[in-house]
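> structure for the following, please:
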Amino acid sequence: MASEPVARAVAEEVGRWGSMKQTGVSLRYMMEFGSRPTERNLLLSAQFLQKELPIRIARRALELESLPFGLSRKPAILKVILGEWSVNKVRDWYLDSFRDIRYFPEVRNRNDELAFTQMIKMIKVRHNNVVPTMALGVQQLKNEQCRTRKIPTGFDEIHEFLDRFYMSRIGIRMLIGQHVALHDPDPEPGVIGLINTELSPIQVAQAASEDARSICLREYGSAPEIDIYGDPTFTFPYVASHLHLMLFELVKNSLRAVQERYMNSDKDVPPVRIIVADGAEDVTIKVSDEGGGIPRSGLPRIFTYLYSTAKNPPDMDCPSEGVTMAGYGYGLPISRLYARYFGGDLQIISMEGYGIPVLHFLSDFQPM
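Next comes the predicted model:
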């Protein structure tokens, strides 16, 4: 265990780095820089990350010290991780990562860069469970303070914090993932790091739909069909994993709504529809269903972290390792953050008694 002077010195350094200004990196710049993954460019990338990552990580550690409504004391965030894990809370994961980067020798040559790359790969793995762990803490908070449908005044502070926290996490993982992926000795044609310069949204929609239907089949024994419309030859530059995550979440929600509405009905089950449109400035993906929609009173809450339409959410003390159809209440707000990360957005329009058209706007090249 660290001595008090050492702990105080680390805390002071975290405070100092957390007050620094972070540097935005655009999708366009990542593409242009990553198109030439020479040893020199990889070295420059590592040197940039050695200075940039501590700023972003320190900011999150500082915020985790002062969460509103006692959120930092929730058992799910402070729970001891069994086995060989030595950290016992999300904040400690960030502090450990901050120390790893700050105490790493200055990156000066290729050997340094390769060692640094391995280190940040481990940091990325360390933070894999941050989102579900935080979600459990928020749900426990919800169980304590949201006994009625009305969210008490002041919870906006929690939503704002979580939006900042998760958006920053997306940025950190994007920076690390892009640098690591540039070391791939045999990248696919048109792929620069994590960015597919010729990404087919139709193909991603098909893959996300298949994954979502498999989950629905596992949960209910059947699943509605999914119809996809759009130009199969259309491509645009984007991060495939981001688009897949967003579409998977949206399609999964639509499948669940339709399945639960028609599971005891003699009527034909209507399909979920996905439409991909290429505009002059934006790519728009519309996901729509006939699952009955959401009451008007519920619409303001669908992008909060304290709301879920699931009738039987997962056990808050036993997080599932697999993907569930619904329950934790962070799928939509997280998906919107992914859409916004590169300048897009996600909007939902509900027609109560009919279904939900989900208008998913994607822009690109915005710095974050």
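
> which SS class is Val287?
strand (DSSP: H, G, I helix; E, B strand; the rest coil).

> what are the bridge partners for it, then?
With DSSP bridges as the criterion, Val287 is bridged to Ile274, Val358.

> and Val228, backbone torsions?
For residue 228 the amino acid is Ile, not Val. phi -120, psi 130 (degrees, to the nearest 10).

> burial measure for it, as a count.
The tally of other residues near Ile228 (other C-beta atoms under 10 Å) stands at 21. For glycine as for every other residue, the C-beta is placed from the backbone atoms N, C-alpha and C.

> contacts only, for it.
For Ile228, the contacting residues are 202, 205-206, 209, 273-276, by C-beta atoms under 8 Å, 6 or more residues apart in numbering.

> how about Met246?
Residues in contact with Met246, defined by C-beta under 8 Å, 6+ apart, are 335, 338-339, 346, 360.

> where are the low-confidence patches of the stretch 151-300 of the chain?
Residue ranges of the stretch 151-300 of the chain with pLDDT under 70: 151-155, 297-298.

> show me where it has its strands.
191-192, 195-199, 226-229, 236-239, 272-278, 283-288 (DSSP state E, counting those that start in this stretch).

> out of these, which comes closest to Gln47?
Gln47 lies closest to strand 191-192 among the strands of the stretch 151-300 of the chain, at 19.5 Å (C-beta to C-beta).

> that closest one pairs with which strands, and in what direction?
strand 195-199 (antiparallel).

> any buried residues in the strand it pairs with, and which?
Of the residues in strand 195-199, 195-196, 199 count as buried by neighbour count, 16 or more other C-beta atoms under 10 Å.

> please apply the same query to stretch 186-202.
191-196, 199-202.

> of all those residues, which two lie farthest apart?
Maximum distance among those (C-beta to C-beta): 22.7 Å, for Gly193 and Ile202.

> and this structure, what are its domains?
What automatic domain parsing lists as the domains of the chain is 4-189, 194-362.

> just those: most buried one?
domain 194-362 (a mean of 18; mean count of other C-beta atoms under 10 Å).

> ok so, going back, closest to Leu217 out of the contacts of Met246?
Of the contacts of Met246, the one sitting nearest to Leu217 (C-beta to C-beta) turns out to be Ser335, at 21.9 Å.

> any idea how far Ile348 is from the closest one?
In this view, Ser335 and Ile348 are 10 Å apart by C-beta to C-beta, to the nearest Å.

> ditto for Ile120
35 Å.

> how about Leu95?
For Leu95 relative to Ile348 (C-beta to C-beta), the value is 37 Å.

> got it, and Thr23?
In terms of C-beta to C-beta, Thr23 sits 33 Å off from Ile348.

> one more: Phe98?
From Phe98 over to Ile348 (counting by C-beta to C-beta), the distance is 37 Å.

> what's the closest non-adjacent residue to Lys98?
No, residue 98 isn't Lys; it's Phe. Counting by C-beta to C-beta, 6 or more residues apart in numbering, Phe98 lies nearest to Ile57, which is 4.8 Å off, once chain neighbours are set aside.

> mind listing what Ser288 touches?
254, 272-273, 275, 355-358.

> same thing but at 6 Å, please
Contacts for Ser288 (C-beta atoms under 6 Å, 6 or more residues apart in numbering) come out as 273, 357.

> go on, Glu32?
Here Glu32 is in contact with no residue (C-beta under 6 Å, 6+ apart).

> can you confirm it is in a helix?
Yes: Glu32: assigned to a helix according to three-state DSSP.

> next one: it from Ile192, what distance?
Per C-beta to C-beta, Glu32 is found 9 Å from Ile192.

> need the phi and psi values for the most far-flung residue of the chain relative to its centre.
Distance from the centre of the chain peaks at Asp266, with 38.1 Å (C-alpha atoms, centre = their mean). With angles defined as degrees, to the nearest 10, Asp266 sits at phi -90, psi -10.

> same thing with Pro37?
Per-residue torsions, Pro37: phi -80, psi 60 (degrees, to the nearest 10).

> now it, nearest residue through space, not along the chain?
The shortest distance from Pro37 to any non-neighbouring residue, by C-beta to C-beta, 6+ apart, is to Leu182 (4.4 Å).

> separation between that neighbour and Glu352?
48 Å.

> same question for Asp282.
28 Å.

> of all the strands of the stretch 151-300 of the chain, which one is nearest Val131?
Closest among the strands of the stretch 151-300 of the chain, once you apply C-beta to C-beta, is strand 236-239, at 17.1 Å.

> packing partners of the closest one?
With contacts taken as 3 or more C-beta pairs under 6 Å, 6 or more residues apart in numbering; DSSP states H and E, strand 236-239 sits against strand 195-199.
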